[in-house]
Every structure is written in structure tokens, then in C-alpha cells.
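Enquirer: have a look; sequence and predicted model below, questions after that.
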Amino acid sequence: MEIATFAAGCFWGVEDAFRQVAGVVETAVGYTGGDWENPTYEDVCSDKTGHAEAVQVVFDPAKVTYDALLDVFWSCHDPTTPNRQGPDVGSQYRSAIFHHDDAQRQAAVASKQRLAKSGRQSRPIVTEIVPAGVFYRAEEYHQQYFAKHGMAACHRRP
């Protein structure tokens, strides 16, 4: 199994998008990319921790490639809006790929370049590509939120 970590706005919808992918074994929502240890949801929402709402994806590379996960990432949010997704505003809603090794970094950079050249985005892509750090699992009530509440997704679907 391998791990991928993505931030693309509110983590509820992002998690739901990845949970639909064959080959994804497990997902968890949480916080990463900031300076505070063990942040809470309230801490992260203050926009003072530096953390992004993120999704950690455990996947079977024999069943789904990292490139396929990148395609889901690009299609489930707007990568051209800095520190915002829809009505959600703040650095915790930024677009970011947290790579776990150099192969993921290279794939993320190449994928971002392909998207930029494709003309599918009318504005520059602002997605950060940075090394993965500590991932703090969010409170249990945030995990698989849509599934628990029978809700439809709030993000664009791949």
C-alpha cells in the first residue's frame, strides 16, 4: 500500500471523491502543512495554524496509480483560487499536494504542468506541491462525514 495526501478545500467533499475510486483502500481527513502540534478543527478554522484541511489516501498501486489520484484531485476542486474553495475562505482551504517521496513530487509537478498547458484552466494554477509532514487526523465526527449523514458531495465530481 502507498499513501497520498491532498488538500483541495473542505475535506468532507474531497474525501468523498477519493472514496469512490477503485483501489483506494482507506481515507482519513485531517490537518497538515502547518506549525501547530495536534490542532483541533477550531484551531485550524482560526486560520492561524498554517494547516490545510487535507485527505490522506491509502491506495493499492496495483489497482490505481498515483497519476489517477492526481486526476481526481484536479477534477474535484478549483486549483486556481488561492486560499479558497467556493464559499470557504482561508489558508486552510488552499490547494496543495503533499508528496511522500520524490516519485510523487515528480508526478505532481508533471501533472500540474500538463494541466496548465491543457487550457482547461483560464487562470494560473496556484496549487502548492510540498513535502508531506505530520498528518493530524481530524476529530472522528469529520471522518466519512457525507457517508455518515447521507449527503451528496459539495465538490465537483471527476
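Expert: Happy to help now that I have it.
Enquirer: OK, contacts around the closest residue to Ile97 other than its chain neighbours?
Expert: Once flanking residues are discounted, Ile97 sits nearest to Ala108: 4.5 Å by C-beta to C-beta, 6 or more residues apart in numbering. Where C-beta positions appear, they are placed from N, C-alpha and C, glycine not excepted. Listed by C-beta atoms under 8 Å, 6 or more residues apart in numbering, the contact partners of Ala108 are 70, 97, 99, 129.
Enquirer: which of the residues you listed ranks first by neighbour count?
Expert: Ile97 (27 neighbours; other C-beta atoms under 10 Å).
Enquirer: pull the contacting residues for that one.
Expert: Shown in contact with Ile97 (C-beta under 8 Å, 6+ apart): 5-7, 70, 73, 104, 108, 112, 127-130.
Enquirer: name the element it belongs to?
Expert: Ile97 is part of strand 95-99, with elements assigned from DSSP states H and E.
Enquirer: partner strands of that strand, parallel or antiparallel?
Expert: Applying DSSP bridges to the sheet, strand 95-99 is found paired with strand 2-8 (antiparallel), strand 128-131 (parallel).
Enquirer: put the alpha carbons of it into PDB.
Expert: Extracted C-alpha coordinates of strand 95-99, given in PDB (Å, rounded to 0.1, in the frame of the first residue of the first chain):
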ATOM      1  CA  SER A  95      -5.000  23.700  -2.900                       C
ATOM      2  CA  ALA A  96      -1.900  21.500  -2.200                       C
ATOM      3  CA  ILE A  97      -0.300  18.200  -3.000                       C
ATOM      4  CA  PHE A  98       1.800  16.800  -0.100                       C
ATOM      5  CA  HIS A  99       4.200  14.400  -1.700                       C
END
